[in-house]
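> Below: sequence and its predicted model.
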Amino acid sequence: MPQLTDTQIQDFEDQGVLVLPEFFTEDECDTIQTRMTQLLNEYQPGENETVFSTTDNTHTQEDYFLTSGDKIRFFYEDSEAIDPSQPLELSLNKVGHALHDLDPVFSNFVRQPKLAQLAADVGFTSPLLLQSMYIFKPPQIGGEVVWHTDHPFLWTDPPSVKGFWVALEDATIDNGCLWCLPGLHKEQPRQRFRRNSSGGTEMVTLNSDPFPTEKRVPLEAKKGTLVVLHGLLPHWSGPNTSSHSRHAFTLHLIEKSAKYPEDNWLQRSDDMPLRGFEIQVAD
Ligand code: FE2
C-alpha cells in the first residue's frame, strides 16, 4: 500500500519537500524520547568530550565527529550559555550518527514498513539508511542551523540523499522550526564538504551565489509530523528563543547503486556496513 497519493508524489517532485502530519503517533514519538532519556542517563562523558566549547580542542572535537559515522555520540550546543549543572538534554545539540543501527529501539522505529514504503514512494529502489540524528534544540540556547542542502555533506554520484525529519515535539517558528526554499532542489549543488589530505575537512565552493532566502517558507510541524526533504533542497532553522525544547529525529537515506566517495566525512568501518530497511536477525 503506498503511503503517498499521486498528488503528494508530484508535489514532492515539484517542491522538493513534503509535510506529512500524523505520520507517527504520539506514542511512537514518546517511545523514542523515552529511549533517548535512558541513553542520556547511561552516558558517561569521556576525555574526548570536553566540549563545553572552549575553542582550544578543535582537533579533538573534529576527530570525535569524523569517527561518529558508525557510533552513538553526543554533541553539545556551541553556546556560552550552557550550564553544566543542568540536565544533559538542556546542553546537547544532537546525538548521532548510527542510532538506527546500534540501538534496538531506534532500529525498530526506523525499520517500520510505513517508512520503507515512504522511501519507495519518493523514488528509492534500494535505500541504505546512512545516518540518524536525535536533535534537541534546547530552550533558549538551541542554535541556528545555517542555510544548506544535505547532498554536499552526504554526497553520492548521482545525488540520491533524502532526509526524513520527524517532529518529536511541536516545532514552531518560536522554537526553531525548519524553513525551506520550495523548488530550489532543481538547482545544482553549490558546495561539497569532504575530508582533505591533512586529516581534516574542507568545504569546497562550487557556486558562491547566495540562496534566495527571501522566498523562505516555514515548516511548522505538530508532534508526529514527518517532513521529507530532497537532498538538494535548501533548508534552515533559527535559534530556539522560546522556553520550549524542539526535539526532532532525522534519518538520511541514499540509493545503494549510487557511488559513495571515500572522502565523504561519514564513513563506516568494514564490520558495520550500511543496511536498508530489512530487520536484522540475531545469529
Ligand atoms: Fe540538513
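On my side now, so go ahead. The shown structure was predicted, so the numbers you read here are calculated from the model rather than taken from an experiment.

> Find the centremost residue of the chain, please.
With distances taken as Cα atoms, centre = their mean, residue 250 lies nearest the centre of the chain, 3.9 Å away.

> Touching the helix or strand hosting that residue from outside, list them.
Secondary structure from DSSP states H and E places residue 250 in strand 248-255. Contact partners of strand 248-255, identified using Cβ atoms under 8 Å, 6 or more residues apart in numbering, comprise 32, 100, 109-110, 115, 119, 124-135, 137, 150, 154, 156, 160-169, 171, 260, 274. (C-beta placed from N, C-alpha, C; glycine too.)

> For it, list the C-alpha coordinates in PDB.
Presented in PDB, the C-alpha positions along strand 248-255 are these (Å, rounded to 0.1, in the frame of the first residue of the first chain):
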ATOM      1  CA  ALA A 248      13.400  16.100  16.400                       C
ATOM      2  CA  PHE A 249      14.700  12.900  14.800                       C
ATOM      3  CA  THR A 250      16.300  12.700  11.300                       C
ATOM      4  CA  LEU A 251      17.100   9.800   9.100                       C
ATOM      5  CA  HIS A 252      19.100  10.200   5.900                       C
ATOM      6  CA  LEU A 253      18.800   7.700   3.100                       C
ATOM      7  CA  ILE A 254      20.900   7.100   0.000                       C
ATOM      8  CA  GLU A 255      20.500   4.800  -3.000                       C
END
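
> Quick check on residue 181: phi, psi?
Here is the backbone geometry of residue 181 (degrees, to the nearest 10): phi -120, psi 90.

> Parallel or antiparallel, which strands does the helix or strand hosting residue 18 pair with?
When elements are assigned from DSSP H and E, residue 18 belongs to strand 17-20. Using DSSP bridges, the strands paired with strand 17-20 are strand 226-230 (antiparallel).

> can you pull out the helices in the stretch 101-250 of the chain?
104-110, 113-121 (DSSP state H, counting those that start in this stretch).

> Quick one: those as JSON lines, columns for mean neighbour count too.
Below are the helices of the stretch 101-250 of the chain laid out as JSON lines (neighbours: other Cβ atoms under 10 Å):
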{"stretch": "helix 104-110", "mean neighbour count": "17"}
{"stretch": "helix 113-121", "mean neighbour count": "17"}
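
> Tell me which of those helices sits nearest to residue 14.
For those, the distance to residue 14 is smallest for helix 113-121, at 15.0 Å, taking Cβ to Cβ.

> Give me the neighbour count for the nearest residue to residue 196 once chain neighbours are set aside.
Distances taken as Cβ to Cβ, 6 or more residues apart in numbering place residue 202 nearest to residue 196, at 4.7 Å, with adjacent residues excluded. The number of residues packed near residue 202 is 13, by other Cβ atoms under 10 Å.

> would TSV of the helices of the stretch 101-250 of the chain with mean pLDDT and distance to residue 88 be doable?
TSV is the format used below for the helices of the stretch 101-250 of the chain (pLDDT from 0 to 100; distance: least, Cβ to Cβ, whole Å):
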stretch	mean pLDDT	distance to residue 88
helix 104-110	98	18
helix 113-121	97	28
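
> and the ones you listed as CSV, adding distance to residue 10?
Below are the helices of the stretch 101-250 of the chain laid out as CSV (distance: least, Cβ to Cβ, whole Å):
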stretch, distance to residue 10
helix 104-110, 26
helix 113-121, 11
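
> For the top helix by length along the chain, which helices and strands make contact with it?
If you go by DSSP state H, the chain has its longest helix at helix 26-42. If you count contacts as 3 or more Cβ pairs under 8 Å, 6 or more residues apart in numbering; DSSP states H and E, helix 26-42 packs onto strand 92-97, helix 104-110.

> Any idea what residue 201 is bridged to?
Beta-bridge partners for residue 201, by DSSP bridges, are residue 195.

> any weak-confidence spans in this structure?
46-57, 281-283 (pLDDT under 70).

> which residue ranges form the strands in it?
All strands of the chain, identified by DSSP state E, fall at 17-20, 72-76, 92-97, 127-135, 145-148, 162-167, 178-180, 191-195, 201-205, 217-219, 226-230, 235-237, 248-255.

> CSV please, covering the ones you listed and showing distance to residue 64.
Formatted as CSV, these follow (distance: least, Cβ to Cβ, whole Å):
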stretch, distance to residue 64
strand 17-20, 31
strand 72-76, 6
strand 92-97, 11
strand 127-135, 15
strand 145-148, 19
strand 162-167, 23
strand 178-180, 26
strand 191-195, 15
strand 201-205, 13
strand 217-219, 30
strand 226-230, 26
strand 235-237, 23
strand 248-255, 19
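
> Fine by me, we can end here.
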